[in-house]
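this one's structure only:
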């Protein structure tokens, strides 16, 4: 496991993170970084596709609660992350592999640190499972969610 | 939506539809409020680093509004229409501008004169108040050779009458001085129209091709009862508010002039409160007598600003509502008191027409009476210059402000209709456009009528309460220094962030100007994929997505005027029927993912 380097895809909202630093300068310090406008834009397929493409984890950096430029895109993202975690778990992907932080850092200095932190924790988990999980039990996984 | 002005001209210009946030519609010069709020919210929190950004935002505002720093002290009209008003308090835009003013007013001295070749016609601006200066500034920027004819020895007009505790004199002085220097405007002081040789005809002979008459309201209005001028206004101890504030502004009145005196101020407008609070600061025991009612929401409600009334009340000024003045009582040539009947109604269908109940009268005793019931224009000058119609009203076109009798003359500002500073500035802006059109010989009206459309407050989970703005306690503010505390950088950023940017993106584009995105991406709906489920309608906070019936099925649609391109509807769409046109994000994600393998 010593040569294993988990790949973390990091999405961050430009209205809260790193807007005071030149984007190119920052992106040299952060691997697999996608600055975008509003984390509410992050689609379930974006997340699933990342795992399909070989990512080991996803870090979403949204604006502080109540500070979204688009009213509540950060809440939307948070809600989506919680729902997708359930889905991923049913596919055998640990919920720790997707993380959302609602805060702000205009200089963006903390982004590389947050990515590293997550990478270190993922290293303990090992690579994300790819392909269909043999022992998955979707029905059981969904049970207990209120079954709307 | 819009009304036609009865001008006798059968042709009426169609209104141009323009969507703006409600604050910008309320602002007579449609300042870019939303855009600059967003820019302030993105300032660095280090004061040294923020300064550069503040100057940039200031430069941007100054371009259109060379008075924005003064607005930061005395305007705030936009706050009355803020969508946040009922959700926790209007965004304190005035204080945000005062915050910019804190660095920008000093910076004005460092700005060089604009490099503009003045090769266009000579234009005369008569009156150097906010209206005249605004017009001169914008014409100067267009290359006209502008000369301001100012009756007094200082520019700024009625702004000088605003007491120092609301607008410090050095801010005003610095602003007007630099405005004429930066825009390259000539000023002739002590040049009063109608006095001596100075007439419109003479200006024409001197080669001025157009003139803007903005002489304001230089005379106080006298006190009347049942349309008759009241006797006793020449008693010792009776003065006019306008005159009093003028003397205060020239430091001609001693700091304790009213010490031990009972001062009665008649009037219910902001000027009356300026007078009352100034007299209080000079030692007087002050009572304000207003015709209007205390309830501001009533038709006959007091017109003075809420903050003025609260401030006066805190400072120990007694306010007597719904009372007029029937008689001024004098003794041995000195003022002694007033006889005040109850006022039962102020306005009727015809307009201002107060009615009184003379069976309900009170006597108020005092040593000084300051009459502040409005100001009046120089009518004899208007008459001499032939600018009135047969009813004695100003004969100007309401859209272009062009005189109907003298097409080369334009009239605006307080002289036309008394109002706030920024309303006069708005008319200055209108006239600058009119004079430019007039001298270029193009259509005076085409495309100028605007049909503004406002926006509701977007849906949002939580609204934040307004910040508390500290005032010095009343006992510590009996002086003429500003007693209201301005924003710190941190507070300004937080307040600007509170703005929910309810207006459209098209008139803002702050995110584009700071490079967050290259352009605004419209949302496109693929009707063949759309199932009309309505997820997008649910998720959109701007009432932009809605369902329509098209080709026999229900599909969703996006109102491009309301859409903010946030992409939440795209993310929410279960059938991938929605996409953002020209949005690089999806591509960027795809490239990144292909590099992961």
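Cool, got the structure. If you're wondering where the values come from, they're calculated on a predicted model, not measured in any experiment.

any idea where the strands of chain A begin and end?
Taking DSSP state E as the test, the strands found in chain A are A:8-13, A:33-36, A:57-62, A:98-102.

Just the angle for the first one relative to strand A:98-102, thanks.
Same thing as strand A:8-13. Angle, strand A:8-13 to strand A:98-102, by axes from the mean of the first three to the mean of the last three CA atoms, to 10 degrees: 30 degrees.

what is the mean pLDDT for strand A:8-13?
For strand A:8-13, mean pLDDT rounds to 97.

give me phi/psi at residue B:351?
Backbone torsions of residue B:351, given as degrees, to the nearest 10, read phi 120, psi -140.

What distance do you get for it to residue B:345?
Remark: distance between residue B:351 and residue B:345 (CB to CB, to the nearest Å) = 12 Å. Quick note: C-beta positions are derived from backbone N, CA and C, even for glycine.

What I need now is the strands of chain A written out in JSON lines, including mean neighbour count for each item.
Shown next, in JSON lines, are those (neighbours: other CB atoms under 10 Å in any protein chain shown):
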{"stretch": "strand A:8-13", "mean neighbour count": "26"}
{"stretch": "strand A:33-36", "mean neighbour count": "22"}
{"stretch": "strand A:57-62", "mean neighbour count": "26"}
{"stretch": "strand A:98-102", "mean neighbour count": "21"}
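
circling back: quick one: which of residue B:351 and residue B:345 has more around it?
Between residue B:351 and residue B:345, residue B:345 has the larger neighbour count (other CB atoms under 10 Å in any protein chain shown), namely 15 against 7.

so that one sits in a strand?
Yes: counting by DSSP: H, G, I helix; E, B strand; the rest coil, residue B:345 is found in a strand.

what's the nearest residue to it if we skip its chain neighbours?
Take residue B:345 and drop its neighbours on the chain: the residue closest to it by CB to CB, 6 or more residues apart in numbering or on different chains is residue B:355, 5.0 Å away.

again, but for residue B:103
In space, residue B:103 is closest to residue B:54, 5.2 Å off (CB to CB, 6+ apart).

part of a helix, is the one you found?
Yes: assessed by three-state DSSP, residue B:54 belongs to a helix.

quick one, helices of the stretch 351-500 of chain B?
Taking DSSP state H, counting those that start in this stretch as the criterion, the stretch 351-500 of chain B contains helices spanning B:379-384, B:421-440, B:489-498.

Ok, which of the ones you listed comes nearest chain A?
Chain A lies closest, by CB to the nearest CB, to one member of the helices of the stretch 351-500 of chain B: helix B:489-498, at 6.1 Å.

Quick one: distance of the closest one to the chain centre.
Centroid displacement of helix B:489-498 relative to its chain, using CA atoms, centre = their mean, to the nearest Å, is 22 Å.

what's the answer for stretch B:179-189, then?
Put simply, stretch B:179-189 sits 23 Å off its chain's centre (CA atoms, centre = their mean).

end-to-end on that stretch?
Stretch B:179-189 has its terminal residues 16 Å apart, counting by CA to CA, to the nearest Å.

Likewise for stretch B:391-399?
End-to-end distance for stretch B:391-399: 20 Å, by CA to CA.

what's the answer for stretch B:516-531, then?
Start to finish, the residues bounding stretch B:516-531 are 33 Å apart (CA to CA).

at contact distance from chain A, anything in it?
Yes: contact of stretch B:516-531 with chain A (CB under 8 Å from any CB of the partner chain) involves B:516-517.

who touches that stretch?
Contacts of stretch B:516-531 with the rest of the structure, by CB atoms under 8 Å, 6 or more residues apart in numbering or on different chains, involve A:14-15, A:19, A:37, B:505-506, B:509, B:511-512, B:550-551, B:555-558, B:560, B:563, B:565, B:567, B:569-570, B:573, B:575-584.

quick check, distance from that stretch to the centre of its chain.
With CA atoms, centre = their mean as the basis, stretch B:516-531 stands 38 Å off its chain's centre.

Could you list the low-pLDDT ranges of chain B?
Applying pLDDT under 70 to chain B flags residues B:1-15.

Work out which residue lies at the spatial centre of it.
Geometric centre of chain B, nearest residue: residue B:422, 3.1 Å, by CA atoms, centre = their mean.

Was I right to think that one contacts residue B:71?
Yes: Residue B:422 is within contact range of residue B:71, at 6.4 Å (criterion: CB atoms under 8 Å).

Run through chain A and note the low-pLDDT ranges.
Counting by pLDDT under 70, the ranges of chain A that qualify are A:1-3, A:129-148.

what does it put close to chain B?
For chain A, the contact set with chain B under CB under 8 Å from any CB comprises A:7, A:9, A:14-15, A:19-20, A:32, A:34, A:36-38, A:40-46, A:49-50, A:53-55, A:65-67, A:69-73, A:75-76, A:80, A:106-107.

which among the contacts of stretch B:516-531 end up buried?
Buried subset of the contacts of stretch B:516-531 (neighbour count, 16 or more other CB atoms under 10 Å in any protein chain shown): A:14-15, A:19, A:37, B:505, B:509, B:511, B:555-558, B:563, B:565, B:567, B:569-570, B:573, B:577-580, B:583.

Which of those fall in helices?
Counting by DSSP state H, those place B:511, B:569-570 in helices.

Redo those residues as CSV? Include distance to chain A.
Converted to CSV, those look like this (distance: CB to the nearest CB, whole Å):
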residue, distance to chain A
B:511, 7
B:569, 10
B:570, 7
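
Tell me who's in contact with residue 58.
If you meant another chain, say so; for now it's chain A. Counting by CB under 8 Å, 6+ apart, residue A:58 touches A:8-11, A:47, A:50-51, A:97-99.

please go with chain B instead
Residue B:58 touches B:68-69, B:100, B:103-104, B:107, counting by CB under 8 Å, 6+ apart.
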